[in-house]
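Colleague: pasting the structure only:
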């Protein structure tokens, strides 16, 4: 019996060594697949939102290991009537007035309470949605073919007669202190980008999109007028012995 037990123990130890590596490889493969899916889902969500950013509204910041990106999502866009046409009822936008109504060319646009009208956002002083220099409060809600605004003169017209309707900004944050990816929205425009988690927590409630981050960086290279900027996103996750890092680039159209 002693001999049999000894032989069985030796065989069991050998079998365990033989099975351990394939089993661990399978577990690591499952972990990597899970991490890749989580990273890809987070990146796709961020990319989808960033592509819908108001031209020249993307801005990034860093605070130690934390990275921040903020932008203003476009709810709806269209073209305004710039001049009187063939009908006596044509109602163009008058840039000499601090409050006005104007025709929307094309389909009606849906306006909700609190929406703002933005024209020719360049992201610079005097034409910056964050400072409010080229955004005005819309006065009516519903599915409209005529828009009305108040709040002052627009600084300059759009060369292509384009307008945008926006609501509130959105921020994505790599919180590397807690190793989580956070999203903030529904907070008021800030002239200076909030680049601190505590500051954003005072403005809105965070939503956690991902946890167990090992790497998280957000970089932005702004283009010039009529060209695209590029946002580069790096997300890395670690679970047990498995680590996955993905990089995704998003083109941002900056033609206002």
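Modeller: Nice, I can see it. Every value quoted in this text rests on a predicted model; they were computed, and no experiment measured them. Numbering: from 1, shown residues only.
Colleague: you'd agree residue 172 is up against residue 181?
Modeller: Yes - the criterion here is CB atoms under 8 Å, and residue 172 meets it with residue 181 at 6.9 Å. C-beta here means a position set from N, CA and C on the backbone, and glycine is covered the same way.
Colleague: who has more neighbours out of these two?
Modeller: residue 181 (28 against 25; other CB atoms under 10 Å).
Colleague: between residue 172 and residue 181, which contacts overlap?
Modeller: Counting by CB atoms under 8 Å, 6 or more residues apart in numbering, the contacts common to residue 172 and residue 181 are residue 209.
Colleague: and residue 230, how far from residue 249?
Modeller: 6 Å (CB to CB, to the nearest Å).
Colleague: my bad, should have said residue 145
Modeller: Taken as CB to CB, the span from residue 145 to residue 249 is 38 Å.
Colleague: just residue 135 next, same as before
Modeller: Taking CB to CB, one finds residue 135 at 29 Å from residue 249.
Colleague: who has more neighbours out of those two?
Modeller: Between residue 135 and residue 249, counted using other CB under 10 Å, residue 135 has the larger neighbour count: 24 against 11.
Colleague: ok, that one - contacts?
Modeller: Applying CB under 8 Å, 6+ apart, the residues contacting residue 135 are 116-118, 121, 129, 166, 189.
Colleague: please name the bridge partners of it.
Modeller: residue 118 (DSSP bridges).
Colleague: one more: residue 78?
Modeller: residue 163.
Colleague: now for the contacts of residue 135: which two are most distant?
Modeller: Pairwise distances across those (CB to CB) peak at 13.7 Å, for the pair 117 and 189.
Colleague: these two: which has the busier surroundings?
Modeller: residue 117 (24 against 17).
Colleague: verify the contact between the more buried one and residue 165 for me.
Modeller: Yes - in terms of CB under 8 Å, residue 117 counts as a neighbour of residue 165; the distance is 6.2 Å.
Colleague: shared neighbours of the two, anything?
Modeller: residue 138.
Colleague: where along the stretch 101-250 of the chain do the strands fall?
Modeller: Using DSSP state E, counting those that start in this stretch, the strands of the stretch 101-250 of the chain run over residues 109-111, 116-118, 135-138, 142-144, 146-150, 162-166, 170-175, 180-185, 207-211, 213-221, 228-239, 242-253.
Colleague: and the angle from the fifth one to strand 162-166?
Modeller: Pointing back at strand 146-150 there. 70 degrees (axes from the mean of the first three to the mean of the last three CA atoms, to 10 degrees).
Colleague: direction included, what does strand 146-150 pair up with?
Modeller: Sheet pairing here is set by DSSP bridges, and for strand 146-150 it gives strand 100-105 (antiparallel), strand 135-138 (antiparallel).
Colleague: buried sites along it?
Modeller: Buried residues in strand 146-150, counting neighbours by 16 or more other CB atoms under 10 Å, are found at 147-149.
Colleague: list the contacts of the closest residue in space to residue 106 that isn't next to it in sequence.
Modeller: Nearest non-adjacent residue to residue 106, counting by CB to CB, 6 or more residues apart in numbering: residue 78, 5.7 Å away. By CB under 8 Å, 6+ apart, residue 78 lies in contact with 104-107, 109, 162-163.
Colleague: cool, residue 141 as well?
Modeller: Here residue 141 is in contact with 111-113, 115 (CB under 8 Å, 6+ apart).
Colleague: make JSON lines out of those residues and add distance to residue 92.
Modeller: Listed next are the contacts of residue 141 as JSON lines, based on distance: CB to CB, whole Å:
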{"residue": "111", "distance to residue 92": "19"}
{"residue": "112", "distance to residue 92": "25"}
{"residue": "113", "distance to residue 92": "26"}
{"residue": "115", "distance to residue 92": "21"}
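Colleague: out of those, what pair is the most spread apart?
Modeller: 111 and 113 (8.4 Å).
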